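Asks: Structure, please.
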Amino acid sequence: MTEHADVQVRPGVESDLQALTELYNHYVMETPITFDTRVFTPEERRPWLLSHPEDGPYRLRVAADAYSQEILGYATSSPYRAKPAYATSVETTVYVAPRAGRRGVGTLLYEALFEALSGEDLHRAYAGIAQPNEASVRLHERFGFRYVGTYREVGRKFGRYWDVAWYEKPL
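Replies: Residues are numbered from 1 along each chain as shown. A predicted model of the protein is given here:
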């Protein structure tokens, strides 16, 4: 477990499911950061939670307030694509609760995630960042991600099309 004054970072567990679902649903309804367009119930998100065990290449790290245990954010590594040759690549993502922004939570989450992945048979991490999102671009660049290209108008949400910039990082 990673600790930073008032924030603890740990693997995600079943009891986090409600709070993680609420956090994700905020981004579904209020932002283009995810291209999901309808909210989820915790039961609908359970398979996602279970697909991120404590070991292996697909991890979930949760940041919680050290005192209240309120969920402040989470980071994941997930399969990049389903075909076998992609097995050494992961897609990473970070979601930070709006009230926890600008506190270094995203940094703590990525530190813990990449530390957890360091012993895995992985070659590259990829991140797709809906544009514009300068805070996410800065976070990813700080962790060694480099821009590799943009999918133009690849997703439609809130009545408009959005670009996604792609970044990669050697692992």
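
Asks: which residues are in contact with the one helix or strand V148 maps to?
Replies: When secondary structure is defined using DSSP states H and E, the element that contains V148 is strand 146-157. The set of residues that contact strand 146-157 without belonging to it, under C-beta atoms under 8 Å, 6 or more residues apart in numbering, is 32, 35, 37, 128, 130-131, 161-169. The C-beta positions use only the backbone N, C-alpha and C, and glycine is treated the same way.

Asks: What of stretch 124-139?
Replies: Outside stretch 124-139, the residues that reach it (C-beta under 8 Å, 6+ apart) are 32-35, 77, 80, 88-94, 101, 106-107, 110, 114, 117, 140, 145, 150-151, 155, 162-171.

Asks: Next SSE downstream of the worst-scoring helix or strand of the chain on mean pLDDT?
Replies: Within the chain, judged by mean pLDDT, DSSP states H and E, the helix or strand with the poorest mean is strand 2-4; its value is a mean of 55. Toward the C-terminal end, the helix or strand that comes next after strand 2-4 (DSSP H and E) is strand 7-11.

Asks: what about the helices in this protein?
Replies: Along the chain, the segments classed as helices by DSSP state H run 17-30, 42-50, 105-117, 134-142.

Asks: out of those, nearest to Q69?
Replies: Proximity to Q69, assessed across these by C-beta to C-beta, is greatest for helix 17-30 (9.1 Å).

Asks: Report how many residues lie close to V39.
Replies: 13 (other C-beta atoms under 10 Å).

Asks: what mean pLDDT does stretch 142-160 have?
Replies: Confidence over stretch 142-160, taken as the mean pLDDT, stands at 98.

Asks: nope, stretch 124-136 is what I meant
Replies: 97.

Asks: And it, what's buried?
Replies: In terms of neighbour count (16 or more other C-beta atoms under 10 Å), stretch 124-136 has its buried residues at A125, Y126, A127, G128, I129, A130, Q131, N133, S136.
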